[in-house]
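>>> Dropping the sequence and predicted coords here.
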Amino acid sequence: MPHSKRYAPSPGTRLYAVGDIHGRPDLLEKMLAKIAKDAKKSRAAKTKVVTLGDYVDRGPDSRGVVQRLMKPPPEGIDELISLKGNHEDMLLRFLDHPLHGGFEWILLNGGAPTLASWGVDLPAILDSREIKGLHKDFLERLTPEERMFMANMPLKHVDGTILCVHAGIRPGIALSHQVPDDLLWIRDAFLDSAAAHGKLVVHGHTVTFEPELCQNRAGIDTGAWRTGTLTALGLEGDKRWILHT
């Protein structure tokens, strides 16, 4: 597994990053249990799990994923950090402005199963009036705690020289100057770059059959909602390893 020894979590930390979950709380639960068991192999002072976003859409139970992430982690995991993905961003935009991208989110980006997981059924024909009705029904079923949890998700997490983020970063731009749209949405400009970013960027967002472990980044979205394979990258010191459901 190619890597540079200078990329590592903080001393005394065993770090796990978990790829895109997309409405599969069953896989999330399996992965958390697997991580808790795997962490017993370490004497690290702290075990930290960072989920890389995209908890909603596409899969059958988005609400189940959100509610699980809102709970404390299982024994053996000290901290669970949930980053925001572009699909949470789309959901929140729908809540704020239902006619701005509402059709696209629901019809093209897997929003219909998300609404269904909150008990909101799609009509046979979707027009502006129906979009407003869906928006009203969703607001009635979404709890303030669930909405606040998603709205307050951070866009990135740094631990030592490891940067966890949903989609990636804009090469050549300082981390402090990265814009949210790139952190949530970027693809080719980041994926095709061989530049050293100063940190190992661990990301999801772009589905690959196997994890992509490169010198400057690690992509771990293996399309869990469809393949049944949720992937996590473990890091401690200069060691790296992969866990799958």
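Received, thanks. Residues are numbered from 1 along each chain as shown.

>>> which residue packs closest to the residue nearest the centre of the chain, ignoring adjacent ones?
Centroid check for the chain by Cα atoms, centre = their mean gives residue 53 as the closest residue, at 1.6 Å. Using Cβ to Cβ, 6 or more residues apart in numbering and skipping the chain neighbours, the partner closest in space to residue 53 is residue 85 (2.4 Å). (C-beta placed from N, C-alpha, C; glycine too.)

>>> swap in residue 138?
residue 120 (5.2 Å).

>>> The biggest strand by length in the chain - which strands sit beside it in the sheet, and in what orientation?
If each strand of the chain is counted by residues according to DSSP state E, the longest one is strand 200-207. Within its sheet, strand 200-207 is paired with strand 162-165 (parallel), strand 217-221 (parallel), according to DSSP bridges.

>>> In JSON lines: these, plus mean neighbour count and mean pLDDT.
JSON lines is the format used below for the strands paired with strand 200-207 (neighbours: other Cβ atoms under 10 Å; pLDDT from 0 to 100):
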{"stretch": "strand 162-165", "mean neighbour count": "26", "mean pLDDT": "98"}
{"stretch": "strand 217-221", "mean neighbour count": "24", "mean pLDDT": "98"}
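
>>> Switch these over to TSV, and while doing so, append distance to residue 7 to every line.
What follows is those, written out as TSV (distance: least, Cβ to Cβ, whole Å):
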stretch	distance to residue 7
strand 162-165	6
strand 217-221	9
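
>>> Would you tell me which of those strands gets closest to residue 34?
Closest to residue 34 of those is strand 217-221 (Cβ to Cβ; 14.2 Å).

>>> Using PDB, write down the CA coordinates of that closest one.
Backbone C-alpha positions of strand 217-221 (Å, rounded to 0.1, in the frame of the first residue of the first chain) are rendered in PDB as follows:
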ATOM      1  CA  ARG A 217      -5.000  10.900  -1.400                       C
ATOM      2  CA  ALA A 218      -7.100   7.900  -0.400                       C
ATOM      3  CA  GLY A 219     -10.600   7.400  -2.000                       C
ATOM      4  CA  ILE A 220     -12.800   5.000  -0.100                       C
ATOM      5  CA  ASP A 221     -16.300   5.300  -1.600                       C
END
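
>>> Report the secondary structure state of residue 37.
Classification of residue 37 by DSSP: H, G, I helix; E, B strand; the rest coil places it in helix.

>>> Do I have it right that it meets residue 74?
No: using Cβ atoms under 8 Å as the test, residue 37 is too far from residue 74 to be in contact (9.7 Å).

>>> Show the subsequent helix or strand relative to the longest strand of the chain.
Using DSSP states H and E, the helix or strand that follows strand 200-207 towards the C-terminus is strand 212-213.

>>> That following strand pairs with which strands, parallel or anti?
Counting by DSSP bridges, the strands paired with strand 212-213 are strand 217-221 (antiparallel).

>>> after the strand it pairs with, next one along is what?
Counting by DSSP H and E, what follows strand 217-221 is helix 224-227.

>>> Report all helices and strands that that following helix contacts.
Contacting helix 224-227 under the criterion 3 or more Cβ pairs under 8 Å, 6 or more residues apart in numbering; DSSP states H and E is no other helix or strand.

>>> Can you name the element that comes right after that helix?
Later in the chain than helix 224-227, the nearest helix or strand by DSSP H and E is strand 231-236.

>>> Can you check what angle separates that next one from strand 200-207?
Angle, strand 231-236 to strand 200-207, by axes from the mean of the first three to the mean of the last three Cα atoms, to 10 degrees: 180 degrees.

>>> Output the next helix or strand after strand 231-236 as CSV - backbone C-alpha positions only.
Where DSSP H and E defines the elements, the next helix or strand beyond strand 231-236 is strand 239-244. The C-alpha coordinates for strand 239-244 follow below in CSV (Å, rounded to 0.1, in the frame of the first residue of the first chain):
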residue,chain,number,x,y,z
LYS,A,239,0.4,2.0,9.2
ARG,A,240,-2.7,1.8,7.0
TRP,A,241,-5.2,-0.9,6.4
ILE,A,242,-8.6,-1.4,4.9
LEU,A,243,-11.8,-2.8,6.5
HIS,A,244,-14.9,-3.8,4.5
